[in-house]
Structures are given as structure tokens and as C-alpha cells.
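Peer 1: Show me how the following folds:
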Amino acid sequence: MGTQLQSFNASSFEENLDLRGLPLNKMCAEDNMPSPQEANHDKEEEASLFSQEFYLSMGLGFVVGFWAFVGPLLFNRTWRQAYYRFMNTVTDKIHVMVEVYVVKYLTIRD
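Peer 2: Below is the predicted model of the structure:
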């Protein structure tokens, strides 16, 4: 698209049958397709919509999951005590396992 060729009228190109595009009535197949900038813009818009939906659902899932786990612990004393007892037992077992492995490693090394 330049001003030099646009200054000619369609009759200047009559004998050239393979020419297409403006100012002629024959259009190129590429003229019907969106430009790369338009296609890129559409992809960016789809990606931004996906990310917005993703983050919205992720935030909602976090809130629901958090309150499904923490809510009963806050409002039910027996569940809270059972949970703390369980966590205390697990940490004690992990502590004992680490101590046993450290002692084994140090005695094997000597």
C-alpha cells in the first residue's frame, strides 16, 4: 500500500489478470484473514480471560478449603484437641526417627 500505485485507477491494471487487491475488484485470500496483530490481540485477550478465571477459582478454592479445615478446629473443642494431640504425636515420631538415623549414621561412620 503506497501512494504511487494507489494513484492509478483500475483500468491501468486491466491486462494483468493475476493482480489482486485494491484498487482492483479481485481480492486476495489473505485480505479475508485477520492481520497478525488482530490474531495476536485475540490470543492475548483469551489468555487474560483464562488467567482471570483461573485466579478467581483458585482464590475461591483456597477460601473454601481453608474454612473447611480451620472452621471445625475453631468452633469444635474436641476436634481441636484431637488435632493438636495428633500433630504432637506426629512431630514426636519424626523427632525420634531423625535422632535414630543420626545416631546410626554417626556410629557407622566411626
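Peer 1: tell me the SS of Phe8?
Peer 2: coil (DSSP: H, G, I helix; E, B strand; the rest coil).
Peer 1: what number of residues lie near it?
Peer 2: Phe8 has 10 neighbours, counted by other Cβ atoms under 10 Å. Glycine gets a C-beta too; all of them are placed from N, C-alpha and C.
Peer 1: what does Phe75 give?
Peer 2: 9.
Peer 1: With Tyr83 instead?
Peer 2: Neighbours of Tyr83 (other Cβ under 10 Å): 14.
Peer 1: That one and Leu73, how far apart?
Peer 2: Distance, Tyr83 to Leu73, by Cβ to Cβ, to the nearest Å: 6 Å.
Peer 1: residue ranges for the helices of this protein, please.
Peer 2: With helices called from DSSP state H, the chain shows them at 3-6, 29-32, 36-75, 77-109.
Peer 1: rank these by pLDDT, which is bottom?
Peer 2: Lowest mean pLDDT within these: helix 29-32, a mean of 60.
Peer 1: Distance of Pro85 relative to Phe75?
Peer 2: To be clear, residue 85 is Arg; Pro isn't right here. Taken as Cβ to Cβ, the span from Arg85 to Phe75 is 18 Å.
Peer 1: repeat for Tyr101
Peer 2: 40 Å.
Peer 1: circling back: now render the helices of the chain as a markdown table, adding distance to Glu14.
Peer 2: Listed next are the helices of the chain as a markdown table, based on distance: least, Cβ to Cβ, whole Å:
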| stretch | distance to Glu14 |
| --- | --- |
| helix 3-6 | 15 |
| helix 29-32 | 20 |
| helix 36-75 | 32 |
| helix 77-109 | 87 |
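Peer 1: I appreciate the help and will end here.
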